[in-house]
Each structure stands twice: as structure tokens, then as C-alpha cells.
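Student: I would like the atomic coordinates for the input below:
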Amino acid sequence: QVQLVESGGGLVQPGGSLRLSCAASGRAFNFKTYTVAWFRQAPGKERQYVSSLARDDGNKIYAASVKGRFTINRDAAENTVFLQMNSLKPDDTAVYYCAARLGGSLDTAGGYNYWGQGTQVTVSS
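Tutor: As a prediction, the model looks like this:
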């Protein structure tokens, strides 16, 4: 089993920055075999892929809507994945979820087996 806990959400003004963290735990978890991704879900909308960090080689993939503004990174020693979000826009407002799966990156929520509880990000003046 893998457990994921997100943190770092909050209220920020347009143009501001936030850094989200996803702490992974469980005997089975390691970055060589698990891909970790971020998704987000706004009220009344489907869960949307944001970014992923592929197992083993750590290849980073971003949705077009966040490319150039968001950066995904990991701290292997702490089993933690970060999502640095810059130049935030009101459209980025959503609950952000961390997810993990055995295997490579996917941009569909259904492909991920493990999920955190989510952290709210609100971008508003």
C-alpha cells in the first residue's frame, strides 16, 4: 500500500506563487517503480491532469495549460514530490490531488491507483 498526503494549498493573488508538497509513504513506495502525478478538480468540472514525474528516469510532463508556469520536482530522500506553481491565474483555482501508479506516466486519472486527500488552491484578488 502507498499513502499520499498533500500540503501547501491556500489563497493567493493572481500572479502569485505556491508550492505544493506530496509526501509518499508505504513499504512498497519508491521512485524507481512509481510514477507520481498531480491532478486538479474545479467545482463542477472533471479531474484534470496537471503534471507527472515518471518512475526511474524522472521524466517530467506538463499539461499545456500549466507549461512554463508550474514545475514538478522530487526529493528522493524524503519521498516527497513538489509542485511549484508560479504566475497563478484564477483559472488555476481547484482542489489539487497527488496520485501514484506503478508504471509510466499517464494523463488520465483512471490510470492511478493511489490518491491523496487533496489540497485547496484559490487564486483570487
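Student: residues contacting the residue most central in space within the chain?
Tutor: Central residue check for the chain by CA atoms, centre = their mean: the C-alpha nearest the mean position is that of residue 38, 2.3 Å away. Counting by CB atoms under 8 Å, 6 or more residues apart in numbering, residue 38 makes contact with 20, 22, 50-52, 72, 81, 83, 96-99. (C-beta placed from N, C-alpha, C; glycine too.)
Student: What about those, which are in strands?
Tutor: 20, 22, 50-52, 72, 81, 83, 96-99 (DSSP state E).
Student: re the thing from before, just give the nearest non-adjacent residue to the residue nearest to the centre of the chain, would you?
Tutor: Counting by CB to CB, 6 or more residues apart in numbering, residue 38 lies nearest to residue 50, which is 4.2 Å off, once chain neighbours are set aside.
Student: my guess is the one you found meets residue 66, correct?
Tutor: Yes. Using CB atoms under 8 Å, residue 50 makes contact with residue 66 at a distance of 5.8 Å.
Student: Check which residues of the helix or strand encompassing residue 38 are buried.
Tutor: Element membership for residue 38 (DSSP states H and E) is strand 34-41. Within strand 34-41, the residues scored as buried using 16 or more other CB atoms under 10 Å are 34-40.
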